[in-house]
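Peer 1: sequence first, then the predicted structure:
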Amino acid sequence: MKHIALLAIVLLFLINCLQAQTNPGTSPEPYRPQFHFSPKAHWINDPNGMVFYKGTYHLFYQYYPDGTVWGPMHWGHATSKDMVHWQEQPIALYPDSLGYIFSGSAVADVHNTSGFGKDGQVPLVAIFTHHNPKLEKQKPDQVESQSLAYSLDEGKTWTKYAGNPVLPNPGITDFRDPKVRWYEPQKKWIMTLATKDRVTFYSSPNLKNWSRESDFGSDAGGHGGVWECPDLVPLKHNGKEVWVLIVNINPGGPNGGSAGQYFVGDYDGKTFRPYSKQTKWIDYGTDNYAAVTFANTGNRTILMGWMNNWQYANKVPTANWRGAMTLPRELGLAQVGKELWLTSTPVKELDVLNKPGISLKNLSIKESYDLTAKTKSNTGLFRLELTTQNTADFSVVLANKQGNELRIGYDKSTNSYFIDRTKSGKTDFESGFGKRHTAPRLSLDKKISLTLLVDVASVELFADNGLTAMTDIFFPDTDLTKLYLQSATGIVIDTLTYKPLAASVKADLE
Ligand code: FRU
């Protein structure tokens, strides 16, 4: 009996060792997000080809399966029923003789306009950029072109179209990241493409033949960097259709490095006409890049980005994986004064993670208020919501015994929100990392409302019903399990709720 028990222990030990070797996701990983998508191993950047089809959300992504820094790009693949629990799938697209597989989109071609469908099976069609590294030196204006691949088994396997590229390069050095959508009034596909310092719109009856329609942006918005990963989305405001043009830009973000800007305007199937040429920012944090929307989600518009920044993405101190996605966010429009602004709020599906928490009312804060005891064991996974009519300075502080702290709050003198990661732990892998990031408060309401979602090493801030969003990652020496509210001038918080959140992604890894 004793021997059998011993044998069982040895066997269990060996199985554990083997699992840890073959699946790095099971080894202790201090910065592994628990309810955001991150790859089991290796490098990811932009979300690609996000599409909802037959009850499944598909997330493809820029993926380098042989390393933890950027390399020859593939499309990795993950699926989910709720955008909360993700399961990795086999790689969808591999580089080929036309080059690496750069960013792009996917659509459900329900009318089979492409002719790829067989026996009534709706083809999922991916439209992506082929980036040919062999041409980078001699013919930089020929490196990138647009190509197709299709799937007849609901995204499981993909066939590249034999006629690739479908949109050859007309002589533009940065010519990439096609985002395609169906334009019902004219029964045609429209492609929004990043073309160096502007966006160019193309149209097609069948996804294979593309005609240039117009371009936008050489004289609008930010030009601190190259334009990448655009998206054109219709939203409703007071019953009227309004179009939002999203344009990611790198560098040139409001707090440095990569970020997403947008313009609000009209679109007639040919030309985008902005109401204002001034940049508006989707997210003021430094860690929401290449954010675009899911296709085929009906009346909902859901945005997701890469929770990282090209300024330091290749250097962030995670071990055998690098990169994660932001939470999925539902987009809307809100009017402030005469202007329309994008709002983003975490999707309601995330509520499945909520665990019973605490609710407090009329909290009077002088200097510092320790929430750590009240929240019992803050595990670094939580949602905190608060409202106040005071508009006085305050901060929410996450800290640990080592003296690391992440400070998130509101500054009355500048009427702005901030996330300060100067003392958040490991910051020296990049000189620009340990900084304080700010975002203007756009709302004119007296009442401030703030929602924070914290997942081990990231925070997402949504203020004033999503009018201001900020996303930042951080790398503390040990988990930030202490939680304080602070206000030097004093403040009354009208309502505060703290909900621990259940881990979800980890369950898929184990
Ligand atoms: C944006 C981007 C895209 C490109 C891809 C390459 O982060 O630079 O423009 O397609 O990443 O991985």
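Peer 2: Perfect, I can see it now. Residues are numbered from 1 along each chain as shown.
Peer 1: roughly how far apart are residue 398 and residue 457?
Peer 2: Per Cβ to Cβ, to the nearest Å, residue 398 is found 11 Å from residue 457. Bear in mind the C-beta positions are built from the backbone N, C-alpha and C, glycine included.
Peer 1: who has more neighbours, those two?
Peer 2: residue 457 (28 against 25; other Cβ atoms under 10 Å).
Peer 1: what sits closest to that one if chain neighbours are left out?
Peer 2: residue 31 (4.2 Å; Cβ to Cβ, 6 or more residues apart in numbering).
Peer 1: tell me the strands beside the helix or strand where residue 362 lies, with direction?
Peer 2: Using DSSP states H and E, residue 362 falls within strand 358-370. Here strand 358-370 is paired, per DSSP bridges, with strand 482-500 (antiparallel).
Peer 1: so what's the residue most central in space within the chain up against?
Peer 2: Centroid-nearest residue in the chain, with Cα atoms, centre = their mean: residue 305, separated by 1.6 Å. With contact set as Cβ atoms under 8 Å, 6 or more residues apart in numbering, residue 305 has these partners: 47, 260, 282-283, 288-292, 325-326, 471.
Peer 1: let's go with 10 Å and repeat that
Peer 2: Contacts here follow Cβ atoms under 10 Å, 6 or more residues apart in numbering; on that basis residue 305 touches 46-47, 229, 246, 248, 258-260, 282-283, 287-292, 325-329, 471.
Peer 1: so residue 494 makes contact with residue 447?
Peer 2: Yes - using Cβ atoms under 10 Å, residue 494 makes contact with residue 447 at a distance of 7.7 Å.
Peer 1: identify the contacts common to these two.
Peer 2: Joint contacts of residue 494 and residue 447 (Cβ under 10 Å, 6+ apart) are 387-390.
Peer 1: so which of the residues you listed is the most crowded?
Peer 2: In the shared contacts of residue 494 and residue 447, the most neighbours by other Cβ under 10 Å go to residue 388, 22 neighbours.
Peer 1: any idea how far the ligand is from that one?
Peer 2: 37 Å (Cβ to the nearest ligand atom, to the nearest Å).
Peer 1: surely that residue meets residue 494?
Peer 2: Yes - checked against Cβ under 10 Å, the pair residue 388 and residue 494 is within contact range at 5.7 Å.
Peer 1: tell me, what's touching these two both at once?
Peer 2: Residues within reach of residue 388 and of residue 494 at once, by Cβ under 10 Å, 6+ apart, are 363, 447-449.
Peer 1: now, of these, which are buried?
Peer 2: With burial judged by 16 or more other Cβ atoms under 10 Å, the buried subset of the shared contacts of residue 388 and residue 494 is 363, 448-449.
Peer 1: and stretch 156-166, what's buried?
Peer 2: Neighbour count says stretch 156-166 has 158, 160-161, 164-166 buried, by 16+ other Cβ under 10 Å.
Peer 1: mind putting those into a markdown table with distance to the ligand and pLDDT?
Peer 2: Below are the buried residues of stretch 156-166 laid out as a markdown table (distance: Cβ to the nearest ligand atom, whole Å; pLDDT from 0 to 100):
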| residue | distance to the ligand | pLDDT |
| --- | --- | --- |
| 158 | 18 | 98 |
| 160 | 17 | 98 |
| 161 | 19 | 98 |
| 164 | 16 | 98 |
| 165 | 14 | 98 |
| 166 | 17 | 98 |
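Peer 1: closest to residue 379 out of these?
Peer 2: residue 158 (38.8 Å; Cβ to Cβ).
Peer 1: what's the closest one in contact with, if anything?
Peer 2: Remark: with contacts taken as Cβ under 10 Å, 6+ apart, residue 158 is in contact with 49, 60, 75, 77, 90-94, 106, 124-126, 148-152.
Peer 1: do residue 453 as well
Peer 2: Applying Cβ under 10 Å, 6+ apart, we find residue 453 in contact with 35-36, 326-327, 346, 350, 353, 381-385, 459-462, 471, 499, 501.
Peer 1: repeat the analysis, applying 8 Å as the threshold.
Peer 2: The contact partners of residue 453, taken as Cβ under 8 Å, 6+ apart, are 327, 346, 350, 382-383, 459-460, 462, 501.
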